[in-house]
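> Generate a structure from the sequence data that follows.
(one chain, ligands or ions: 1)
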Amino acid sequence: MKRREFLNWAGIGLLASYLPVALVACSQQENNETSESTSESQSPETTSNVPDEQGYVTIGTAQELNESGYLVDTQSNVIVFGNGNNNLTALSLLCTHQGCNVDLKKSANSLSCACHGSEFAFDGKVLKGPAQSPLSAFEVKAENQLILVKVG
Ligand code: FES
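Residues are numbered from 1 along each chain as shown. The predicted structure follows:
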């Protein structure tokens, strides 16, 4: 057998031996993708930015709020503080100075604006200017283990 014939023969053999492995791997990946999308579609929807008939959007669950002490919804630009179903506060994440987003500074117990340095307390009051007005507050309620905020 010539060298070229041997290489062709060996190449086809090698390809034939890897083909079933590659097909199985592709099949498993497809199954994983299918199961992921299935599990996503079966998981409960905990946030919805489509307001209900009363104008409330779902920000998260009471359990999530219990675990972290706050919920952030970047689509609605809202942060909710509270423990479970009690003492709920929903604030806008838009700075009242010129509208930049404020960030949670949990270690400092404040919301701070990186644009010009304003800081706000967790009840929305101004701790440090240049902002003059408190963060806008929204109506918030717990219903069926969901945290709902009336935005807009
Ligand atoms: Fe927030 Fe100016 S926009 S401090």
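> From now on I want contacts and neighbour counts done on CA atoms only, so please keep to that.
Noted.
> now residue 147: how far from residue 114?
The spacing between residue 147 and residue 114, counted by C-alpha to C-alpha, to the nearest Å, is 28 Å.
> With neighbour numbers in mind, choose between these two.
A direct count of neighbours by other C-alpha atoms under 10 Å for residue 147 and residue 114 places residue 147 higher, at 27 against 13.
> dump the residue contacts of the more buried one.
Applying C-alpha atoms under 8 Å, 6 or more residues apart in numbering to residue 147 gives the contacts 58-62, 140-141.
> element containing it?
Using DSSP states H and E, residue 147 sits in strand 146-150.
> For the protein, which residues are neighbours of the ligand?
Counting by C-alpha under 6 Å from any ligand atom, the chain comes close to the ligand at 95, 97-100, 113, 115-118, 130-131.
> Now list the buried members of those.
95, 97, 113, 118, 131 (16 or more other C-alpha atoms under 10 Å).
> For stretch 49-60, list every residue counted as buried.
For stretch 49-60, by 16+ other C-alpha under 10 Å, it's 56-60.
> surely residue 65 meets residue 79?
No - Residue 65 is beyond contact range of residue 79, at 10.6 Å (criterion: C-alpha atoms under 8 Å).
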